[in-house]
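J.: Generate coordinates for the sequence data below:
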Amino acid sequence: MKKILIPIAFFYPSQIGGPCNSVYAITQTIKEQFEIFVLTTNYGIKDFDKPINIWNDAYDINIYYKNYTTFRDLYKINPFSYIKDIKPDIVYLNSVFSPLSQYFAFTCRLYKIHYLWSPRGEIDKGALGVKSTKKNLFVNIPFIKSNLKNAVFHFTHEMEKEGFSKRFPFLNKNKYFIIPNIKEDNLKNQKYKNPYPFEYLLYLGRISPKKNLQSLLKAFTLLNDASLKLIIAGDVNEDRDYYDQLLNLVNKNKMNDKIIFTNKRVEGSEKNSLYKNAKLFVLPSISENFGQVVVEALSLGTPVIASKGTPWQLLEQYEAGYWVEPDEMSIKNAICDYLRKNELEKEEMKKNAIKLSNQFDSNILKASYIKMFNEVINNESIKI
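T.: Reported below is the predicted structural model:
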């Protein structure tokens, strides 16, 4: 059985970003065809019950959870020892800016091991807008460029591939695959008790400028709907300056009793309850390579409003939501359009949401992922 090594800073059951779940879903989909080794950390995992600094047989794959105290711990991981011990046939990298990925890419080059790289939207305009100077300097380092030039890429959408190619024209000849993320199999369309005694719109995810939450707050203020509230679910400590800007906007518009921040990352059944009982889920991001939260919301029958900075035009094709410009008037108009619908129309849109989410089922995407890994492993013409 061929071996896949996945070095990734954060992994399920951690909820530090979408890749924790999306990469986990990949491993669960292909674990019967490959022997999988995940090298990660225990950061962001509540009630951690696995041994650290040792290989575990968890979730039917091999996982090594290293103890994480600071970001510098990622620099201490020695890729040579893991490559030597595991002897992987392929290394699957996530994140361009992670030192872990760059170290492993370099090691793969030395050992002539194929590596497949999924940028996860880090090179799009929204992501590069955060700490842009440092990031632009980083990707222009010759060592980093060499790592990228020798990679095969996995993109989750054509939009991500196009943006990446514009940023790195020298990669246009690289081999690549476009396969969307897989939805989590544990998301079931079942009854979840409403966590709030009122109707609400929902945003769930990082509190970051890339997410364009100020436009959502302004759109909600323009609604002037006394019966509806807005829940912003996410950890506010990632970017306190941005969170303070949002709070100032809420205070300025006297919406403190209408816009509620959970002030924490929401996970598990609590997260599913939020999705299931929301009138709408809104993702107003400046840019996204995929947007795993959209699939999560759709899976639970919740229609979605997503910005045109995301690759979710399918929402309108399936009549499962709206794909709009990322400005407050466009978002507000989409919300109003949904609220004006009668109950039968809303129920139909909820059914369409589930139908759309089924396009990302593991049974549908499994063959594509298996083919991708096998093709890279067996293709001797791919340079390393």
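J.: show me where pLDDT drops low in the stretch 1-150 of the chain?
T.: 123-133, 135 (pLDDT under 70).
J.: go again using 90 as the cut-off
T.: 15-18, 44, 46-50, 69-76, 95-99, 120-145, 149 (pLDDT under 90).
J.: all strands of it, in order?
T.: Counting by DSSP state E, counting those that start in this stretch, the stretch 1-150 of the chain has these strands, from start to end: 3-7, 35-41, 55-58, 61-66, 90-94, 114-118.
J.: From the centroid of this protein, which residue is nearest?
T.: With distances taken as C-alpha atoms, centre = their mean, Gly18 lies nearest the centre of the chain, 2.8 Å away.
J.: just checking, that one touches Asn289?
T.: No: contact criterion C-beta atoms under 8 Å: Gly18 and Asn289 do not qualify, at 9.1 Å. Bear in mind the C-beta positions are built from the backbone N, C-alpha and C, glycine included.
J.: what is in contact with those two at once?
T.: Residues touching both Gly18 and Asn289 (C-beta atoms under 8 Å, 6 or more residues apart in numbering) are Arg120.
J.: quick one: Met329 is in a helix?
T.: Yes: Met329: assigned to a helix according to DSSP: H, G, I helix; E, B strand; the rest coil.
J.: next one: the biggest helix by length in the chain to chain centre, how far?
T.: Scanning the chain for the helix with the most residues, using DSSP state H, yields helix 362-378. Relative to its chain's centre, helix 362-378 lies at 20 Å (C-alpha atoms, centre = their mean, to the nearest Å).
J.: again, but for stretch 109-123
T.: 18 Å.
J.: Would you mind listing the buried residues in it?
T.: For stretch 109-123, the neighbour count (16 or more other C-beta atoms under 10 Å) marks 109, 113-123 as buried.
J.: With respect to Phe97, which of these is nearest?
T.: Closest approach to Phe97 among the buried residues of stretch 109-123 (C-beta to C-beta): Glu122, at 5.8 Å.
J.: Need phi/psi at the nearest residue to that closest one once chain neighbours are set aside.
T.: Excluding its sequence neighbours, the residue lying closest to Glu122 (C-beta to C-beta, 6 or more residues apart in numbering) is Val96, at 5.0 Å. Backbone torsions of Val96, given as degrees, to the nearest 10, read phi -80, psi -30.
J.: For Val96, the count of nearby residues, please.
T.: 25 (other C-beta atoms under 10 Å).
J.: can you give me the helices for the stretch 201-350 of the chain?
T.: Here the stretch 201-350 of the chain has its helices, by DSSP state H, counting those that start in this stretch, at 213-223, 240-252, 268-277, 292-299, 314-317, 328-340, 343-357.
J.: and Phe261, which of those is closest to it?
T.: Nearest of those to Phe261, taken as C-beta to C-beta: helix 240-252 at 7.8 Å.
J.: Going by contacts, tell me the helices and strands next to that closest one.
T.: Helix 240-252 sits against helix 213-223, strand 259-261, with contacts defined as 3 or more C-beta pairs under 8 Å, 6 or more residues apart in numbering; DSSP states H and E.
J.: most packed of those?
T.: Ranked by mean neighbour count under mean count of other C-beta atoms under 10 Å, the helices and strands packed on helix 240-252 are led by helix 213-223, which reaches a mean of 21.
J.: can you list the residues that contact that one?
T.: Outside helix 213-223, the residues touching it (C-beta under 8 Å, 6+ apart) are 201, 203, 207, 230, 232, 245-246, 249-250, 253, 255, 258-259, 282, 284, 326-329, 331-332, 335-336.
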